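Asker: Return atomic coordinates for the entry below.
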Amino acid sequence: MLFNIVLNPAGASGKTEKLWKSLEPVFAEAPDGYRLFRSTKDRTVSDITRELTSRGRGTALVVIGGDGTLNEALNGISDFENTLFGFIPCGTGNDMQRDMGLPKNKRALARLITEGRERRRADIGELSFYGEQGVTKRLFNISSDVGFGAATCAFVDRTGLKNILNRIGLGRLIYLVGALRVCFTAEPAEVRITCNGRTRLYRRCLSAIVMNHCHEGGGFKFCPNADFTDGLFDICIGNGLTKPGFLRMLPNAYLGKHLRLRGIYSVRASEVTMQSSKPLWAHTDGEVLGQTTKAKMRIVPQKLRLMC
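Answerer: Numbers count the residues shown, from 1 in each chain. Model prediction:
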């Protein structure tokens, strides 16, 4: 089996290249070896992934990068059934790794992947984002949400602190800084949420988080019972929370103990539609699409065939 390695040289403040140098001997020992593809501004991770998976034959794809790079790769896959997917985390959040019980030792993880067999299949989510240019659809591995989480990601994107903190090993801190900043500035909205055949109005909604995995934002366990193989989203809704109440919720969410708190609601569904009284930020796996008053998330029929 030939392994197709895809990485973004600029990812994780340049740490992906350093990580690759340590992993290259592992893939070099594979019977059929490997090919390395580096993304550029003109040839993105999605472009490379699309080229590799549109040839009508089996492809072993290995992505080195953070959750955003994995999201890019996911959105480039054109033939899920003929693609075996492996990834080696090298980013700020690495939330997908947390849920999957993967080896923390990157060389051990690489050796696991080079066995070249399907170990499990993961659900894939799809966000339909209703914007001024029409409907944009984007796949996601971990989560998609409207409100607080997406606003935090938008703040992180705008600040230059992320790369600085990454260089000194404190990249995850920027999500906590962003969460606190959004907590004090965000205003609630009326949000109608439809799932399982029922529509409910949340009059002072701060967040509506749709999760395939249980962690997002660098370790926040917003949906502690989420299972990425069960065909369902876990949805966490924050409604009617005061700012002090929201501050109390955050450390509980890091431990996955916030669902017992007043103003926190949860539900499970394979499809959910949200309509808000004003534009709210929306994202997929931390990649911000913009602001919208309507979003729809669903589990798609395709599965991600994982080598790890």
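Asker: what ranges do the strands span in the protein?
Answerer: With DSSP state E as the criterion, the chain has strands at 3-7, 34-38, 59-65, 83-89, 120-131, 134-140, 143-147, 189-195, 198-211, 233-239, 264-269, 271-284, 287-306.
Asker: Deepest-packed of these, please.
Answerer: Neighbour counts (mean count of other Cβ atoms under 10 Å) averaged over each of these peak at strand 143-147, with a mean of 30. Where you see a C-beta, it was placed from the backbone N, CA and C, and this is true even at glycine.
Asker: Specify the angle between that strand and strand 198-211 in degrees.
Answerer: In terms of direction (axes from the mean of the first three to the mean of the last three Cα atoms, to 10 degrees), strand 143-147 departs from strand 198-211 by 120 degrees.
Asker: partners of strand 143-147, with directions?
Answerer: strand 198-211 (antiparallel), strand 271-284 (antiparallel) (DSSP bridges).
Asker: and of those strands, who's closest to residue 64?
Answerer: Residue 64 sits nearest to strand 271-284 of all these, at 20.1 Å, using Cβ to Cβ.
Asker: Figure out how far the closest one is from the centre of its chain.
Answerer: 17 Å (Cα atoms, centre = their mean, to the nearest Å).
Asker: how about the closest residue to residue 82 other than its chain neighbours, phi and psi?
Answerer: Excluding the flanking residues, the one nearest residue 82 by Cβ to Cβ, 6 or more residues apart in numbering is residue 58, at 5.1 Å. Main-chain torsions, residue 58, degrees, to the nearest 10: phi -60, psi 140.
Asker: related to what we said a few turns ago, which one of the strands paired with strand 143-147 lies nearest to residue 32?
Answerer: strand 271-284 (33.3 Å).
Asker: Strand 287-306 and that closest one, what's the angle between them?
Answerer: Strand 271-284 runs at 110 degrees relative to strand 287-306, counting by the same axes, to 10 degrees.
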